[in-house]
Each structure stands twice: as C-alpha cells, then as structure tokens.
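Novice: Quick one, fold the following:
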Amino acid sequence: MTWRRALRRWCAIVSVVAELYTDVVGQARAIGQLQAASPAPVHAYLLVGPPGSGKRAAARSFAASLLCADGGCGECRDCLLALEEAHPDQSVFERVGPSIDAAQIEEIARRSVLTPTEGRRNVLVLVDFHLVNIQAPKLLKTIEEPPPSTVFVVLADFVPTELVTIASRCVRVDFGPVPAAAIEAVIVGEGADVATAADIAEAAGGRLDRARLLAADPGFAARRAIWRNVPARLDGTGAAASVVAAELLELIGTAGVETLTARHEAERVALEERVELTGGRGAGRRQLDERHKREVRRLRMDELRFGLATLQGAYRDGLVTGAIGAAEGVGAVDAIHQSVEALIRNPSESLLLQALLVRLPGLATVAATPE
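Specialist: Sure, this is the predicted structure:
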C-alpha cells in the first residue's frame, strides 16, 4: 500500500469513526482523544466525568473502533454488537450492589487474560469504578500488566484515593457536564419547542440522559410550576412547612416514574430480542435489573435536586425584581444551597424539606417566572 493510499484510508476511517460518537454531545475534546487513540491503543483508558456526560456512550463507540477490522465503520457486525455491548470480545462490568465486589474483581482478572475469540483485541469496560472501594489493590496488577491484546476502558465519575494509583496507569480522558446550549440543541432536534427545550436544558444539570427523560415527561412543566409556587404558600409556620413538604415528597415519589418505566421496558424487550439471536449466556439480565433499580433511586434524588434548584431560582428572581429584600433573599438562597449540599449525606428527605421550608420567607410575587 502506497503512502497516498494509506493516507486516504486513514482519512476515511477518521471520518467514519466520528459518526460512532453521535450520542456523545458537547465532548469534542474527549472524542478527539479517543479517535486519535483507536488505531494504536495502549493498555488502559480512564474516562472521568459526571453522570450523564456521555462516558458510557463514548466507551461503546471506542470499543467498536477497537474491535472493527476497519477501525470503526459503524455498520459491520463488530461495530453493531459493540454498540449494543454484546460483542464476544467485549466485556462490560457493572457493580451489583453498592460497590464493586471481590467476585467481580476476580472475574475481571480472569477475562483480562482470555484470548480474543473473533478479532485481535479483548476490550473490558469497567463501569462506576469510583465505587471500587477496598478492592482497588487487587485490580492494580491486572490493569497494569494485561496481555498485549487486552484494552481496559475504565469509567469513573471522579478519582477517589483508592483509584489514584490505577489512574496513573491509564490514559485519562476527561468529560465535563454537557453544556446547556448543546442539550437544548439536541432536545429541539428531537422535537421539543425552543422554550421547553431551554427549560429542560436548565433543569438537566449538564446531563443529556436527564434532559431526554424530562423531554419525554408530560408532567415536567407542571412540576416546575409547583416548585416555583412554593414561596407563595409559606408563612413562616411549621404547619405550613409540614403540609407543603408532604405534598412535595409525594410529587417526588411519582415524578417521571412512568416515563422511566417505559424506557426500562423497552430496554428489557431489546435485551430479550438480542438473547433470541445470540443466546442467553452472559446476556446481562441481572446487570440490567440492577441498573434499572439504581436509576429509579437516582430519579428520586434527581427530582429533589431539580426541585430545590427551581426553588432557589424563584428566590433569585425575587432578588432581581426587588420583590424581596437583599438580606432575606440571600438568606433563602443560601439555606437552599446548604440543603442541596446536605443531600450527599443521605438525610431524611422529609426532615430536610420541613427544616428548610420553615426557614424560608413567603413570597407570593415569585410564583411565576419573570418575563
């Protein structure tokens, strides 16, 4: 092959590989790193970024480019299976329970030394590895010295102390929150009107998966209005705070559940269809069920964070319009911020909301979003 033909082939591969990452939005630098790495990968990559930033979608596309004979055509059997996380030479490990356990670490080590069954590479994708906990030392040698054919793709929301040494053995690829403008463009492209898409992008907190869930949820606008109307219902008494808190907790418990359940059912159907074609062994039913349970739990927390952020925005608007004094407004915004930070300690939602609402001033004029 002459150098000109080689150059043309390389340009064609890069052009096609870019199409693999269509589900990864607002992460041009990370995609560029993975594209550059795919022709001659090293033994391990660490994709770090917040939930919903596109790490897992990027890992699927990267795996496809590593397993495809043409570097990631996006259309062949290797690519399609890798994008479905069902390729014989691709292993995806998700935690079962609160953290990665010893049995999973042993299975990772076992699969890492297997000879690829179909191609020249064995790709192991390790999800949620910021939760590896005390098992990290057992994994170090596995990631540090795998066979030449094995490539690790490790996904983590952040790098805890337990992962620092492992991280130093990997090429790090950073993902940031998806920019609101990028989320808005995607949601508009998928059928939402501009005003709704802007509200969704603001509420999504940099997460495209969250934005898509909200876009498919017909109750989103109504919930947002309820949270914005909270200041109008407060009078400084514990009785009012208790009533409002109880209603908000009921709202949180049902918000978005129908939409998420429909998505989960579609994923289960897709899994069963794949099982019919490829067989049930290692199909990932247990992992899918565990992920669905985590997503249901996360939905509740996402809704609470969204509600508190909306409430905080209502008081900020009151400050801008002069509907509330500076001291009271700043105090309210600060109190809500403290409650958001307290969520990391997994407090009683009921007690947290009641304690917050009794501290907040009533403010009828912020119930509607200012023009």
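
Novice: what's near enough to touch the residue nearest the centre of the chain?
Specialist: The chain has G52 as the residue nearest its centroid, 2.4 Å off, counting by C-alpha atoms, centre = their mean. Residues in contact with G52 (C-beta atoms under 8 Å, 6 or more residues apart in numbering) are 177-178, 204-210. In this view, the C-beta of every residue, glycine as well, is placed from N, C-alpha and C.

Novice: what's the spatially closest residue to it that is not a sequence neighbour sitting at in phi/psi?
Specialist: In this structure, G52 finds its nearest non-sequential neighbour in R207, 2.6 Å apart by C-beta to C-beta, 6 or more residues apart in numbering. Phi and psi for R207, reported as degrees, to the nearest 10, are phi -120, psi 120.

Novice: I figured R207 hits A180, correct?
Specialist: No - using C-beta atoms under 8 Å, R207 makes no contact with A180, being 10.8 Å away.

Novice: which one among the contacts of G52 gets closest to G329?
Specialist: G205 (22.7 Å; C-beta to C-beta).

Novice: so that closest one sits in a helix?
Specialist: No - read with DSSP: H, G, I helix; E, B strand; the rest coil, G205 is coil and lies in no helix.

Novice: can you pull the pLDDT of it?
Specialist: Predicted confidence (pLDDT) for G205: 89.

Novice: Provide a list of residues in contact with it.
Specialist: Here G205 is in contact with 52, 177, 302, 305-306, 309 (criterion: C-beta under 8 Å, 6+ apart).

Novice: mind running it again at 10 Å?
Specialist: Applying C-beta atoms under 10 Å, 6 or more residues apart in numbering, one finds that G205 lies in contact with 50-52, 177-178, 180, 183, 211, 302, 305-306, 309.

Novice: Which among those count as buried?
Specialist: 51-52, 177-178, 180, 183, 211, 302, 305-306, 309 (16 or more other C-beta atoms under 10 Å).

Novice: which SS state does the residue nearest to the centre of the chain fall under?
Specialist: What three-state DSSP gives for G52 is coil.

Novice: Next, it: phi, psi?
Specialist: phi 80, psi 10.

Novice: Show the model's pLDDT score for it.
Specialist: pLDDT for G52: 91.

Novice: Next, work out how far apart it and G176 are.
Specialist: To G176, G52 is 11 Å away according to C-beta to C-beta, to the nearest Å.

Novice: now E85
Specialist: According to C-beta to C-beta, E85 stands 24 Å off from G176.

Novice: Compare the two (neighbour count), which wins?
Specialist: Per other C-beta atoms under 10 Å, whichever of E85 and G176 has more neighbours is E85, with 18 against 15.

Novice: The nearest residue to F62 once chain neighbours are set aside: neighbour count?
Specialist: Distances taken as C-beta to C-beta, 6+ apart place L34 nearest to F62, at 4.7 Å, with adjacent residues excluded. For L34, the number of neighbouring residues by other C-beta under 10 Å comes to 25.

Novice: quick one, what contacts L34?
Specialist: Contacts of L34 (C-beta under 10 Å, 6+ apart): 17, 20-21, 24, 27, 41, 45, 47, 58-59, 61-62, 65-66, 153, 171, 173.

Novice: From R172, how far off is it?
Specialist: 12 Å.

Novice: shared neighbours of those two, anything?
Specialist: Common neighbours of L34 and R172 (C-beta under 10 Å, 6+ apart) are 45, 47.

Novice: pLDDT weak spots in the stretch 51-200 of the chain?
Specialist: For the stretch 51-200 of the chain, not a single residue meets the criterion pLDDT under 70.

Novice: Going by residue numbers, what spans are strands in it?
Specialist: 90-93, 122-126, 150-156, 171-174 (DSSP state E, counting those that start in this stretch).

Novice: Against which helices or strands is the lengthiest helix in the chain packed?
Specialist: In the chain, taking DSSP state H as the definition, the longest helix is helix 285-321. Packing partners of helix 285-321 (3 or more C-beta pairs under 10 Å, 6 or more residues apart in numbering; DSSP states H and E): helix 194-203, helix 208-215, helix 220-228, helix 238-254, helix 257-278, helix 326-342, helix 349-357.

Novice: So which of those is the most surrounded?
Specialist: Comparing the helices and strands packed on helix 285-321 by mean neighbour count (mean count of other C-beta atoms under 10 Å), helix 208-215 comes out on top with a mean of 23.

Novice: who touches V330 in this structure?
Specialist: 315-316, 319, 324.

Novice: Tell me the one among these nearest to P361.
Specialist: Nearest member of those to P361, counting by C-beta to C-beta, is I324, at 6.7 Å.

Novice: Distance-wise, check the closest one relative to A240.
Specialist: From I324 to A240 the distance is 17 Å (C-beta to C-beta).

Novice: L34 now?
Specialist: Counting by C-beta to C-beta - L34 and A240 are separated by 53 Å.

Novice: go on, P51?
Specialist: Distance from P51 to A240, by C-beta to C-beta: 34 Å.

Novice: Kindly report the same for T321.
Specialist: The value you get for T321 to A240, if C-beta to C-beta is used, is 23 Å.

Novice: again with I100
Specialist: Taking C-beta to C-beta, one finds I100 at 45 Å from A240.

Novice: next one: D209
Specialist: 36 Å.

Novice: Please apply the same query to V257.
Specialist: Relative to A240, and taking C-beta to C-beta, V257 is found at 27 Å.

Novice: Check the burial of the nearest residue to R29 once chain neighbours are set aside by counting its neighbours.
Specialist: Residue nearest to R29 in three dimensions, not counting chain neighbours: D174, with 7.7 Å by C-beta to C-beta, 6+ apart. Close neighbours of D174, defined as other C-beta under 10 Å, add up to 14.
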